[in-house]
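In: task: produce atomic coordinates for the following.
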Amino acid sequence: MEAGTRRKVVIVPAKEFGLPAQKPPWSQQQLNHNTTAGQAVTVELFLTLQLVLCIFASTDERHGDNPGSPALSIGFSVALGHLLGIYYTGCSMNPARSLAPAIVTGKFDDHWVFWIGPLVGAIVGSLLYNYLLFPSAKSLSERLAVLKGLEPDSDWEEREVRRRQSVELHSPQSLPRGSKA
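Out: Numbers count the residues shown, from 1 in each chain. Okay, the predicted model is just below:
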């Protein structure tokens, strides 16, 4: 089959079914012509927010009964984000994914959208998960103390003990008699 025939077999049905036009070269992120910069920032913010919430929820060790695969959950979250956002902004969800093509092509039109949206979305997602959805602190005053940087010393001591236990290697000779490695 020659190139012209192959092209007709692929492109003509795609145009007939109304699939969007081909993306710009180098995977450059561009706004849809009907999307304003404010709308694009909002889209990127929510796409990154849902991804961050999914990552936190599927990898949080405080959930003892997490039966699913974190990799599968995160992969579905990325796929969902791309399906919903690619028409409007090209679906960056990651500033580095937009930076490299912009450097290669030298086009930085509306590039700030692909930094502000994902960064604010990640911050909001982190605060939302850690302080509202699944807080580790027990009271509001403890949560506010963490934001001010005044974490209780008992938390630091407990973390240090857990850190030491996770990195210490025990040889059978260093363990007390009767215990197993």
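In: pretty sure Leu128 sits against Ala57.
Out: No: the pair Leu128 and Ala57 fails to qualify as a contact (Cβ atoms under 8 Å) at a distance of 11.0 Å. (C-beta placed from N, C-alpha, C; glycine too.)
In: more neighbours, these two?
Out: Ala57 (18 against 15; other Cβ atoms under 10 Å).
In: my guess is the more buried one meets Pro70, correct?
Out: No: Ala57 lies out of contact with Pro70 (Cβ under 8 Å); the separation is 9.1 Å.
In: run through the neighbouring helices and strands of the longest helix seen in the chain.
Out: Across the chain, the helix with the greatest residue count (assigned by DSSP state H) is helix 37-59. Helices and strands touching helix 37-59, by 3 or more Cβ pairs under 8 Å, 6 or more residues apart in numbering; DSSP states H and E, are helix 70-89, helix 113-127.
In: buried stuff in that helix?
Out: 40-58 (16 or more other Cβ atoms under 10 Å).
In: residues touching that helix, excluding its own?
Out: 31, 35, 63, 66, 68, 70, 73-74, 76-78, 80-81, 84-85, 88-89, 91-94, 110, 113-114, 116-122, 124-126, 128-130, 133-134 (Cβ atoms under 8 Å, 6 or more residues apart in numbering).
In: out of the residues you listed, which are buried?
Out: 31, 35, 73-74, 77-78, 81, 85, 88-89, 91-94, 110, 113-114, 116-118, 120-122, 124-125, 129-130.
In: the helix or strand containing Ser141 - what's its average pLDDT?
Out: Using DSSP states H and E, Ser141 sits in helix 140-148. Averaged over helix 140-148, pLDDT sits at 72.
In: dump it to CSV, restricted to CA.
Out: Extracted C-alpha coordinates of helix 140-148, given in CSV (Å, rounded to 0.1, in the frame of the first residue of the first chain):
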residue,chain,number,x,y,z
LEU,A,140,-7.7,22.6,64.5
SER,A,141,-5.1,24.1,66.8
GLU,A,142,-2.6,21.3,66.0
ARG,A,143,-3.3,21.9,62.2
LEU,A,144,-2.7,25.6,62.5
ALA,A,145,0.5,25.0,64.6
VAL,A,146,1.8,22.8,61.7
LEU,A,147,1.1,25.7,59.2
LYS,A,148,3.0,28.1,61.5
